[in-house]
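[1] Provide a 3D model corresponding to the input given below.
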Amino acid sequence: METALLAAISMGRDLLHKNVERTSVTNASPESERNPDKREVSPISHVLGFHLDEDGHWVVALSCGHTQHLRHLPPWQSRAWVLDPAQREQRIGQPFACGWCAQGADSDTLGN
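    Coordinates of the predicted model:
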């Protein structure tokens with residue numbers, strides 16, 4: 001009995017050592033890559049403008065095609081500048097780190 005158990009353990013160990021993983025045959029084709037034309041994708045975008053949403057919160061429109069809420073709700077979100085039209089105007093054209101781009105999201109999958 002003990003000999004059979006040792007043989008089974010040894011055989012199992014041998015099988016584990018011989019397990020060679022093969023590459024996947026279902027790799028995505030270049031047509032389905034997120035960036036097929038190899039443009040550099042950067043989470044840095046630029047501010048195009050601002051608008052109010054239906055709840056009265058400011059939303060920034062970005063050059064990457066995404067939008068992002070910019071709420072001023074102290075103490076959690078402190079963006080007093082967004083309430084001032086002159087300060088919003090100064091931000092147009094400025095770089096903006098897009099959270100959606102950083103996560104790899106594209107405009108077509110966000111469901112606007």
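[2] longest strand anywhere in the protein?
    strand 44-52 (DSSP state E).
[3] remind me what that strand packs against, helices and strands.
    For strand 44-52, the elements it packs on are strand 58-62, helix 85-91, strand 95-97, judged by 3 or more CB pairs under 8 Å, 6 or more residues apart in numbering; DSSP states H and E. C-betas here are computed from N, CA, C, even on glycine.
[4] what's the longest one in contact with?
    Helix 85-91 has contacts (CB atoms under 8 Å, 6 or more residues apart in numbering) with 47, 50, 58, 60, 81-82.
[5] now with 6 Å, please.
    47, 50, 81 (CB atoms under 6 Å, 6 or more residues apart in numbering).
[6] what is the mean pLDDT for stretch 59-75?
    In this model, stretch 59-75 carries a mean pLDDT of 91.
[7] what comes up buried for it?
    60-62, 64-68, 70-71 (16 or more other CB atoms under 10 Å).
[8] next, the distance between the ends of it.
    19 Å (CA to CA, to the nearest Å).
[9] and for stretch 66-79?
    In terms of CA to CA, the two terminal residues of stretch 66-79 are separated by 19 Å.
[10] same question for stretch 85-101.
    One end of stretch 85-101 sits 26 Å from the other (CA to CA).
[11] can you check stretch 61-77 too?
    With CA to CA, one end of stretch 61-77 sits 19 Å from the other.
[12] residue ranges with poor pLDDT in this protein?
    Along the chain, segments meeting pLDDT under 70 span 1-43, 105-112.
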